[in-house]
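Engineer: Would you be able to build a 3D model of this:
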Amino acid sequence: MTVRAMESVADDQPGASLVQSLTPETTRKAWKRPSWMIQPCARPTFLALIESAVSRTATSDDDSLLTKLRLGLHVPQFSDCQLGDDSFVDSLALTFLRRIRDSQREHLYLRPRAWRCPNVSEQEAEVVEIEESMAHKQHLFFHYIGSARKGLHFGLRRRQERSTQLPSYLLSFSEYDLGFAERYIQHKARGAKILVLSRVHSFPPAPKNAFSFTFSRALRCLEQRGVKADLILTYVNPNLGFTGGSYLAANWMPFAEEEVRYHYFDGAYITERELELLLERSAGNLTTRISFSTQPLAPLRVFAYPTNSTLRRTLLEEQPS
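Structural biologist: Reported below is the predicted structural model:
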């Protein structure tokens, strides 16, 4: 797989996508200064409902964390009245538990052994490039979004671990394609060559330093591959309980925020990228099968890792005191 760090070009900004044309103007994609650096966002109330439902319905053999995260993407389409009914939320949890069991059943042999040590060291672990077919299995069956992204993939493995098993920690880097953010990026990092860290997945329990260990060595692997980037961007979704603490600990910095509204196709969560492809390929009108989240959602957080020291200094100077 060939991946290039794409340069942000101001006069090559694409028009509105098909999905954007269907999205209410109040949640059209645009980046702005990250407000959470000043005022943290509140935890969504539906997360507590999900945690209670999964605790009532899951068994010790179930992937409870994955179930909670996938439910977290789906329940915002329902009303407060529906979510106030425990039996309704429990039935959703059971549905997702069954789906996850069925989808993972033939792939459980790929799971690596659990880490028992608090931190990863060079003596016992290495970061290697992962074949795209293997990475996509991890994206599809074990990542909460459940859709694959093309790119370059690097994973944390124990030394001597079989290459037929999935890595304990996976990072996937994709080409920059966030055209809607051009104006913001041009203001912040004009002409920067950009990569997107599009997928991050770990099999629990993860050592405390797993992300920083894997990311720093993945950067070396990218450089050895001839892929050079001035800036790496990634998203964090606070509506699922993520805070970005691992990124901050690894010297990433807050960069932007993006208003979000989830998309659903026939009631199932679908990423905007997947929905865009679906609409482009469809000969008929599918708009009646598309719906949106109704629960209030906090903006997505965009974090940045400048590999260019000059750019890092520039962005640090813009951070609020």
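Engineer: The helix of greatest length in the chain - what's its average pLDDT?
Structural biologist: Counting by DSSP state H, the longest helix found in the chain is helix 86-104. Helix 86-104 comes out with an average pLDDT of 97.
Engineer: which helices and strands sit right next to it?
Structural biologist: Using 3 or more Cβ pairs under 8 Å, 6 or more residues apart in numbering; DSSP states H and E, the elements in contact with helix 86-104 are helix 45-57, helix 64-74, helix 132-142. Just so you know, the C-beta spots here come from the backbone N, C-alpha and C atoms, and that holds for glycine as well.
Engineer: deepest of those helices, which one?
Structural biologist: Mean neighbours per residue, mean count of other Cβ atoms under 10 Å, is largest over the helices and strands packed on helix 86-104 for helix 64-74, with a mean of 21.
Engineer: sorry, back to before: identify the residues contacting the longest helix of the chain?
Structural biologist: Applying Cβ atoms under 8 Å, 6 or more residues apart in numbering, the contact partners of helix 86-104 are 49-50, 52-54, 56-58, 62-63, 66-67, 70-71, 74-75, 78, 82-83, 140-142.
Engineer: what angle separates it from helix 45-57?
Structural biologist: Angle of helix 86-104 versus helix 45-57, following axes from the mean of the first three to the mean of the last three Cα atoms, to 10 degrees, is 70 degrees.
Engineer: Centre of the chain to the strand or helix carrying Arg220, how far?
Structural biologist: Using DSSP states H and E, Arg220 falls within helix 210-224. Relative to its chain's centre, helix 210-224 lies at 18 Å (Cα atoms, centre = their mean, to the nearest Å).
Engineer: residues in contact with that helix?
Structural biologist: Applying Cβ under 8 Å, 6+ apart, the external contacts of helix 210-224 come out as 115, 120, 125-129, 152, 154-156, 168-169, 171, 173, 195, 200, 202, 207, 228-229, 246-247, 249-250, 305, 307.
Engineer: And the next helix or strand past it?
Structural biologist: Helix 210-224 is succeeded, C-terminally, by strand 231-236 (DSSP H and E).
Engineer: Val227 is in contact with Arg4, correct?
Structural biologist: Yes - in this structure Arg4 lies within contact range of Val227 using Cβ atoms under 8 Å: 6.8 Å.
Engineer: what about those two, which has more around it?
Structural biologist: Val227 (18 against 13; other Cβ atoms under 10 Å).
Engineer: Am I right that His153 is in a strand?
Structural biologist: Yes - counting by DSSP: H, G, I helix; E, B strand; the rest coil, His153 is located in a strand.
Engineer: what about it, neighbour count?
Structural biologist: As a burial measure, His153 scores 29 neighbours (other Cβ under 10 Å).
Engineer: Next up, the contacts around it.
Structural biologist: Glu129, Ile130, Glu131, Glu132, Met134, Ala135, Leu170, Leu171, Ser172, Phe173.
Engineer: Show the buried residues in these.
Structural biologist: Using 16 or more other Cβ atoms under 10 Å as the burial test, the contacts of His153 include Glu129, Ile130, Glu132, Met134, Ala135, Leu170, Leu171, Ser172, Phe173 as buried.
Engineer: hmm, which two among those residues are most spread apart?
Structural biologist: The distance between the two most remote of the buried ones among the contacts of His153 (Cβ to Cβ) is 15.3 Å, for Met134 and Phe173.
Engineer: Make TSV out of the buried ones among the contacts of His153 and add pLDDT.
Structural biologist: Below are those laid out as TSV (pLDDT from 0 to 100):
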residue	pLDDT
Glu129	97
Ile130	97
Glu132	97
Met134	97
Ala135	98
Leu170	98
Leu171	98
Ser172	98
Phe173	98
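Engineer: from the contacts of His153, which is closest to Leu108?
Structural biologist: Met134 (14.8 Å).
Engineer: The nearest residue to Arg56 once chain neighbours are set aside - how many residues pack around it?
Structural biologist: Excluding the flanking residues, the one nearest Arg56 by Cβ to Cβ, 6 or more residues apart in numbering is Asp90, at 6.0 Å. A count of nearby residues for Asp90, using other Cβ under 10 Å, gives 16.
Engineer: Now for Gln224, how many residues are close by?
Structural biologist: 9.
Engineer: The chain should start at 50 in everything you say after this.
Structural biologist: Happy to do that; since the first residue is 50 now, the last one works out to Gln273.
Engineer: can you give me the helices in the chain?
Structural biologist: Taking DSSP H, the helices of the chain run over residues 67-71, 94-106, 113-123, 129-132, 135-153, 181-191, 231-238, 259-273, 294-298, 321-330, 358-366.
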